[in-house]
Each structure stands twice: as structure tokens, then as C-alpha cells.
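Student: Need the 3D shape of this:
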Amino acid sequence: SRDVSELMRDPASALAHSAAGPVLVWFRNDLRLDDHPGLTAAAAACRTGSGSGSGSGSGRALLPLYVLDPQRLSHLAYMPGGPEALSSALQRLRSELRALGSDLVVRLGAWEQQLPEAAAAAASGGGGGGGAAAVVTEDEVEVRYRQPAQRALAALGQQGGPAQAGGPVAFSWTAPLWPAERFDNRYRTWRDKRGPPAEPLPPPSALPPLPSGVEPGAIPTADELRTLLTEAALAALAANGGGDGGVTAVARAAIDAAAASVDTQLARRLAAAPESPLQLLRMYLGTAPAAPAQPASASVSIDEEVEALRRPGVDGAPFTGLFGTAKALGTLSVRRVFKEAYVADGRPYGSVEPRRLRSPAAVAAAVGAEAADFHRALAVLDDARTVAPGVEVHFWRWRGGLTDYCVAEPADPLPGAPAVLLVHGFGAFGDQWRGNMAALAAAGFRVLAPTFPGFGRSQKAAVPYSQDLWRDFLRDFTLQVAGGPVVVAGNSIGGFISSSMAADYPALVKGLVLLNSAGPVDASFNIEAWRAAVAAGRKAPPALVVSAISSALFWYLERTVPSTLKWLYPTNPAKADEWLAAEILRAAGDSGAVDVFKAVFYLPPPRALNWLVKDAYAGPAMVLQGALDPLNDAKSRAREMGQLCPNVQVVLLQAGKQTSCPCLGALAPFNPPEACSASTAPSSNNAIPLPCHCPHDEVPDQVNAALLGFIRDTVLPAMGREAGAAGAGVGGSKLVGAKSSP
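Tutor: Numbering: from 1, shown residues only. From the prediction side, this is the model:
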């Protein structure tokens with residue numbers, strides 16, 4: 001597609017291929033009139049044209065279009081308040097368009113079908129013999145939107161329109177706060193060189209009418225939309241082969257929980273309020289009068305909503321709770337939010353850094369807008385990022401925040417095999433599985449390595465981070481991206497979060513692998529006592545103390561990353577390389593990174609790892625342990641897990657040449673410390689220390705062999721028994737051949 005600036009600069013030349021065709025504005029996640037470069041350019045182009053399709057006698061017609069594609073939008077069913085916010089946004093957008101002389105055309109169906117049909121229908125409605133002259137749409141960074149949007153735009157050329165390429169000309173737009181040429185993936189460097197922020201555009205004062213004869217179509221109510229998207233979400237699971245009874249039950253329970261959540265209740269209150277998202281933002285910032293208290297059903301009390309949304313240690317939680325969905329759907333632009341924060345603070349626009357504004361509400365709004373702009377620009381830059389051969393990087397928005405994930409697709413998929421989900425530890429990211437993804441994909445498995453919200457290149461939004469939040473992130477990622485059950489392997493805290501998902505949603509996990517997992521191992525753990533402790537809560541340190549400790553620790557860790565990595569990678573220090581250190585430092589410098597660390601002080605007490613694995617999950621599991629972990633007594637923890645959990649296979653990863661000592665070898669079952677320990681291993685020039693805290697990155701070949709052996713010998717036979725005779729062939733000759741693929 002061409003940049004919309006061409007359409008703005010010289011509309012006559014840009015639309016010369018069509019004397020009368022309307023301009024179609026395709027709305028997706030930009031459901032607003034304010035600060036909308038695409039709409040502004042399209043309206044100007046229509047006014048300067050000579051088309052006759054509007055019935056007004058001059059200019060071109062304008063066709064604002066929203067295609068409600070249930071498959072593309074099904075993820076909103078899992079999002080608290082998602083369908084409710086979308087229905088409200090579409091109704092408001094239609095109302096605002098009508099006030100300016102236009103309307104919103106709504107069509108139900110697949111983008112790839114409905115967009116070309118709407119463009120062609122503009123012609124039959126009087127817009128000219130060849131249909132729409134142009135389609136104007138926002139650039140996408142999320143793969144679930146970008147790829148089908150590209151296919152839909154490509155399909156325009158198949159309708160035989162008058163453009164030289166065979167159809168309407170596509171123009172794309174973005175609305176960044178700062179220009180792309182000044183972007184740097186290091187937040188602090190970008191902050192220092194980015195210059196002044198861009199001004200938001202005002203909304204149009206008037207718009208051309210629709211092409212004559214075009215029917216606007218109906219907008220589903222919130223309840224209708226929730227039903228439609230729920231059905232689409234469950235159908236998507238079935239289409240991907242992941243919709244068995246247990247998985248479908250997990251999906252439906254997750255959707256039902258979202259529908260009943262307090263966030264959905266808030267979304268319904270906001271939808272019922274007469275104020276627009278921009279008016280509500282001004283009320284939040286204190287630049288608009290608060291809504292009258294009565295009637296209660298006609299408005300919302302911003303003060304009451306803010307109080308209800310406050311969370312310890314998360315200063316921006318009320319802003320995220322009130323406006324996170326609005327930003328995700330594009331009913332508010334980041335430029336408008338940023339501008340309003342400075343107006344509210346009485347400062348010239350962009351004159352100080354967002355965190356130096358005086359009002360807490362202004363700080364939260366400006367920091368949130370700045371972070372959204374930074375991570376969107378980072379996603380554009382990362383589109384061509386290389387992690388390992390055969391590994392792609394994609395971006396996925398979860399509950400309003402951008403996250404990234406790595407995916408490796410198998411060239412020769414193993415029939416019936418589950419995807420492999422690789423989960424990183426605290427302070428790490430999906431890319432750290434760089435030595436595992438391609439090898440596992442070569443064995444026939446689809447491999448996915450997401451980055452948790454708050455880590456790596458994912459957005460660090462102002463939300464209360466916790467074990468439950470990261471667990472539900474994995475649940476939704478498994479349902480929406482993996483599309484069915486997985487074998488999940490987690491390192492450090494990623495092992496604990498993976499165990500939590502397996503315990504609470506066992507239908508999603510066919511096999512669980514823990515690599516030097518975090519989490520307490522406690523034979524005396526009692527789930528009822530734990531529930532009572534959680535209900536009672538615990539007193540956190542004062543906020544100033546938490547902030548001071550977190551900032552001091554970050555300051556120290558940022559200056560010791562290289563040496564800390566060498567300490568954690570003693571077997572293969574070369575893997576503690578410059579890239580890994582730079583990525584950790586890059587992420588630590590992101591806006592909001594310190595706030596993620598603060599969450600540690602407010603986490604509820606964890607459940608025992610052994611209880612999660614044995615009592616709650618009870619499926620095939622393996623403890624894959626690097627024996628010289630400097631963070632804990634890895635051998636003792638492995639021994640305890642093996643003793644407490646009958647469903648666990650314990651494997652110690654050993655490095656070095658095979659010797660007469662039973663503890664050495666490329667892969668060995670666990671031996672008691674009295675028979676096998678680092679102190680009893682023979683010393684020689686050939687001996688190499690045992691792997692440590694991140695064995696998947698330190699000795700990836702050994703981890704790959706262990707993972708594939710566990711899947712081949714334990715997981716797939718168990719799946720075959722579950723499926724009966726029809727599934728017995730899953731563990732056939734292809735998987736046997738995969739054993740040596742690493």
C-alpha cells in the first residue's frame with residue numbers, strides 16, 4: 001500500500017485512475033473521528049474530486065466501513081469487557097459520523113470477502129463504474145490482524161476495478177507520537193533524541209455522504225456480540241483440532257469468567273454513560289466537570305471508579321482499567337491522551353518528561369500513551385528481527401498491551417502432535433529459547449515461545465502483575481495462538497507459572513517440563529490453609545520503601561548484568577554473550593520495568609510446586625534439572641520432587657565426557673546425592689561443570705534431546721491411550737526418527 005500522505009498531498013493525481021469512485025475508509029482498531037489521519041486525508045480527497053456518486057453533484061462519496069469478522073475478533077470474547085466496549089464504540093462512531101453527514105457501514109463476515117464486496121457495491125450504489133477508487137486503512141502490527149488485512153487488500157485487485165493494478169489503490173496511515181526515523185529500541189536513548197511530540201489532528205467538521213443506495217447495516221448489541229464472538233472462539237478451537245471436550249470447557253469457562261468480571265461490569269457502565277471516551281478522559285484528568293450523581297444509570301462517577309481500581313504499588317492502575325480497552329480499540333489515540341495530560345497539568349505540550357508531570361492522573365495518562373507509542377514502534381522495527389533460523393517474531397495484544405512471541409513452524413508436521421510451549425523465567429524473554437526452537441520444529445512440532453507481559457520487548461503496562469495474571473496469559477495464549485493443548489516447558493518462574501496453568505487448566509497441558517523451576521517444594525503443604533492465608537492477605541511494606549528498594553536493586557542489577565550472567569552460565573559462559581546481556585539491559589530500561597519488579601512485594605503466597613504437579617495436574621511431567629544452579633540446591637529439589645510426585649520423571653543434565661562415575665553422561669536419570677554429586681565426580685582436564693539455572697540456553701542440545709525423549713516415550717503414548725485405537729499411531733516412525741534430529 002501507499003502512504004496516505006500521497007493522498008493528502010495530491011489527491012487528484014493519487015485518484016486519477018478513477019474519475020468518480022468513492023473513497024473507502026476501512027475502520028478496524030481506530031474507532032474514532034478525532035486524530036484520524038486516514039479519515040482526514042480521505043475527506044479532503046473527496047472534496048477535491050469530481051465524482052458524482054454521492055448524489056450531491058460534486059466531489060466524491062465517502063464510505064466509512066467496519067467489517068465485523070467474528071473469526072478475527074473472537075479474541076475479544078476472552079477479554080473482560082471486550083464485546084461490550086466494541087459494541088459501544090461502533091454505536092458511538094456511527095452517531096458521530098451521522099452528525100457530520102455520513103454514516104458507518106457495517107458488514108458481517110470475513111474481511112477477505114466483505115471488503116472487496118463493499119468496494120464493488122459502492123459502484124452499484126452510484127459511485128462509478130469501477131467501484132471504490134481508494135481504500136484507506138491503518139497499518140497493523142499484530143499478526144492476527146496484519147496478515148488477513150493484507151489478504152483482504154490483495155483481494156481488491158480481483159474485482160476488476162479501473163486502477164492500473166486491477167482495483168482500488170490502498171493507502172495506509174499511522175499516527176505516531178514521534179517520527180519513526182528518530183526511534184531507538186532502547187527507551188532512554190529514544191527519549192533523549194526523539195524531539196517534540198506530534199500534535200493530534202482535530203476531527204473533521206463535516207464529511208461527504210455515503211454513496212447513494214448503500215445500506216449502513218445493523219450493529220449488534222453487546223449481548224449479541226458476546227454470543228457471536230463466543231461461538232466464533234469455540235469454532236476456531238474446533239477448526240484447529242483443539243476443540244475436544246476438556247479444551248472447550250476451559251475456553252468456555254474463561255469466556256464466562258470474563259463476561260462476569262468486574263471489568264466487564266465497568267465496561268457496561270462506561271458504555272451506558274453519555275460521555276465519549278475523550279470526555280471521560282478529561283473527567284479523569286480533572287479538566288472537565290464531573291458528571292452529575294443522578295440519575296445513576298445515565299453516567300459514571302469517575303472518582304468512584306478510580307478508587308475501585310486502585311492497586312498497591314501500581315500507580316497507573318486506574319488509568320489502565322478505565323482506558324486500556326479504549327486505546328486498544330482506538331477510540332482514543334495515544335497523541336490525544338498525551339496532549340490532554342499536559343493540558344491538565346498546565347504544562348506546554350511535551351515540555352517535560354511524562355513522569356515529571358505534577359498530577360498523578362496526568363502522569364499515568366502520559367506514561368501510558370508514551371509506552372503504547374514506544375512498543376508499537378518497537379513492533380514495527382522487530383518485524384524483521386532474527387532470533388534463529390526458521391524462527392519468526394510476531395506481536396500479540398493481550399488485554400490491551402502488546403506482547404511478542406517467537407514461533408517455529410515444522411516443515412514436516414508430526415500428525416496429531418501437540419505444540420510445544422516454551423516459557424521463560426523472571427527477567428528473560430521468549431528469545432532466550434534461541435537454541436531450542438528450530439531443533440524442536442525440525443522434529444515435527446510447532447514451537448511457540450511467548451514473552452510475558454512486563455518482560456523483554458512486551459509492553460510493561462500499569463497492571464497488578466501476579467502469578468494468576470501470568471498464568472491466565474499462558475492460558476489465553478494456548479487457546480488463541482496455539483489453538484489446542486500443548487507440551488509446556490518452563491524455566492525458573494516460568495516453570496512455576498507453567499505448573500500453575502497445568503494445575504488450574506489441566507486439559508490444556510499434555511506434558512509438563514520444569515527446568516530449574518521456581519516455587520516452594522513442601523511436603524506439608526495444605527491447600528485449605530493456603531486459601532485461608534490468601535484470604536487473610538499480607539501486609540506489604542510502605543510504597544516509598546518498595547519504590548526505593550526496587551529502584552536501588554535495578555540500579556545495581558543494570559550494572560552487573562554481564563557478571564551475573566557468567567555466574568548463571570558456568571558450564572557454557574560463551575552463551576552468556578553480548579546479545580543476551582544487551583537484551584536484558586534493553587528491557588530493564590523500558591518505561592514501567594521497575595514497576596513490574598515492584599510486583600514481587602505484593603504477590604500472594606505461592607502454592608507448593610509439588611502440590612501443583614502431583615495433586616492438581618497429575619499428568620505426565622519431567623523435572624529437567626541443571627545440577628549446579630547457584631540460586632538453590634537443585635539436586636535436593638529434584639530429589640524431593642521425584643519423591644513427592646509419582647507422575648514426575650527426574651533427569652539431571654550432565655555435561656562432559658562419559659566416565660566411570662554414574663553421575664556423568666549427556667543425559668542421566670537422577671541419582672541420590674550420596675551416589676552422585678559434583679563433589680564425587682572425577683576431576684580431569686576433560687570434565688566440564690554441570691549445567692546451571694538456564695540449561696535450555698546453556699546446553700540446548702541436551703535439553704532438546706531430553707524434551708524429545710519425554711514427548712516420544714511418555715506424552716505421546718499417554719495421548720494415544722486417551723484417544724484409543726484411533727490415536728495409537730501418533731507415536732509412529734516419524735517421531736522415532738525425530739529422536740536424533742537435534
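Student: For Ala272, the count of nearby residues, please.
Tutor: Ala272 has 14 neighbours, counted by other Cβ atoms under 10 Å. C-beta coordinates here come from the backbone N, C-alpha and C atoms, glycine included.
Student: Correction: the previous question concerned Val703.
Tutor: 30.
Student: quick one: contacts for the residue nearest to it when sequence neighbours are not counted?
Tutor: The spatial neighbour of Val703 that comes closest, neighbours along the chain excluded (Cβ to Cβ, 6 or more residues apart in numbering), is His696 at 4.6 Å. By Cβ atoms under 8 Å, 6 or more residues apart in numbering, the residues touching His696 are 422, 432-433, 435-436, 489, 491, 515, 703.
Student: These in helices, which ones?
Tutor: Judged by DSSP state H, these include Val703 as members of helices.
Student: Am I right that Val352 sits in a strand?
Tutor: No - with DSSP: H, G, I helix; E, B strand; the rest coil as the criterion, Val352 is located in coil rather than a strand.
Student: Give the ranges of residues in the stretch 251-400 of the chain that sit below the confidence cut-off.
Tutor: Residues of the stretch 251-400 of the chain meeting the criterion pLDDT under 70: 290-299.
Student: residue ranges of the helices in it, please?
Tutor: 262-272, 277-285, 302-309, 317-329, 334-345, 360-381 (DSSP state H, counting those that start in this stretch).
Student: Also the stretch 101-250 of the chain?
Tutor: Here the stretch 101-250 of the chain has its helices, by DSSP H, counting those that start in this stretch, at 111-122, 143-156, 187-193, 222-239, 245-260.
Student: re earlier: take the helices of the stretch 251-400 of the chain and lay them out in a markdown table including distance to Leu177.
Tutor: Converted to a markdown table, the helices of the stretch 251-400 of the chain look like this (distance: least, Cβ to Cβ, whole Å):
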| stretch | distance to Leu177 |
| --- | --- |
| helix 262-272 | 25 |
| helix 277-285 | 16 |
| helix 302-309 | 25 |
| helix 317-329 | 13 |
| helix 334-345 | 6 |
| helix 360-381 | 4 |
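Student: Buried only: go through the contacts of His696 for me.
Tutor: Buried members of these, scored by 16 or more other Cβ atoms under 10 Å, are 422, 432-433, 435-436, 489, 491, 515, 703.
Student: pLDDT at the nearest residue to Ala155 once chain neighbours are set aside, what is it?
Tutor: Closest residue in space to Ala155, ignoring its immediate chain neighbours: Pro116 at 4.9 Å, by Cβ to Cβ, 6+ apart. pLDDT, Pro116: 94.
Student: For the chain, which residues score under the pLDDT cut-off?
Tutor: Looking at the chain by pLDDT under 70, you get 49-58, 123-130, 158-166, 242-243, 290-299, 654-690, 725-742.
Student: max-length helix in the protein?
Tutor: Assignment by DSSP H gives helix 543-568 as the longest helix of the chain.
Student: before we move on, back to that, name the nearest of the contacts of His696 relative to Ala341.
Tutor: Gln432 (35.3 Å; Cβ to Cβ).
Student: Quick check: the closest one touching Leu580?
Tutor: Yes - Gln432 lies in contact with Leu580 (Cβ atoms under 8 Å); the separation is 7.3 Å.
Student: Name the residues contacting each of the two.
Tutor: Asp697.
Student: quick one on the thing from earlier: tell me the helices and strands packed up against the longest helix of the chain.
Tutor: helix 578-588, helix 593-598 (3 or more Cβ pairs under 8 Å, 6 or more residues apart in numbering; DSSP states H and E).
Student: returning to that earlier point: minimum distance to Asn572: which of the helices of the stretch 251-400 of the chain has it?
Tutor: Going by Cβ to Cβ, the one of these nearest Asn572 is helix 360-381, 29.3 Å.
Student: got the buried residues for that closest one?
Tutor: 361-380.
Student: follow-up on the earlier one: make TSV from the helices of the stretch 101-250 of the chain and add mean neighbour count and distance to Ala616 to it.
Tutor: Converted to TSV, the helices of the stretch 101-250 of the chain look like this (neighbours: other Cβ atoms under 10 Å; distance: least, Cβ to Cβ, whole Å):
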stretch	mean neighbour count	distance to Ala616
helix 111-122	22	41
helix 143-156	18	31
helix 187-193	15	39
helix 222-239	18	23
helix 245-260	17	14
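Student: Just give the number of residues close to Arg9.
Tutor: Quick note: Arg9 (other Cβ under 10 Å) scores 11 neighbours.
Student: do the same with Arg355
Tutor: Using other Cβ under 10 Å, Arg355 has 10 other residues around it.
Student: Test my guess that it contacts Val363.
Tutor: Yes - look at Arg355 against Val363 with Cβ under 8 Å: they come within range, at 6.0 Å.
Student: ok, back up a step: what about the residue nearest to Ala155, distance to Ala19?
Tutor: Relative to Ala19, Pro116 is positioned 21 Å away (Cβ to Cβ, to the nearest Å).
Student: Pro453 now?
Tutor: In this view, Pro453 and Ala19 are 50 Å apart by Cβ to Cβ.
Student: what's the answer for Gln91, then?
Tutor: Per Cβ to Cβ, Gln91 is found 35 Å from Ala19.
Student: cool, Ala441 as well?
Tutor: The value you get for Ala441 to Ala19, if Cβ to Cβ is used, is 52 Å.
Student: So for those two, which sits in the more crowded spot?
Tutor: Ala441 (24 against 16).
Student: Next, that one: secondary structure please.
Tutor: Ala441 - assigned by three-state DSSP - is helix.
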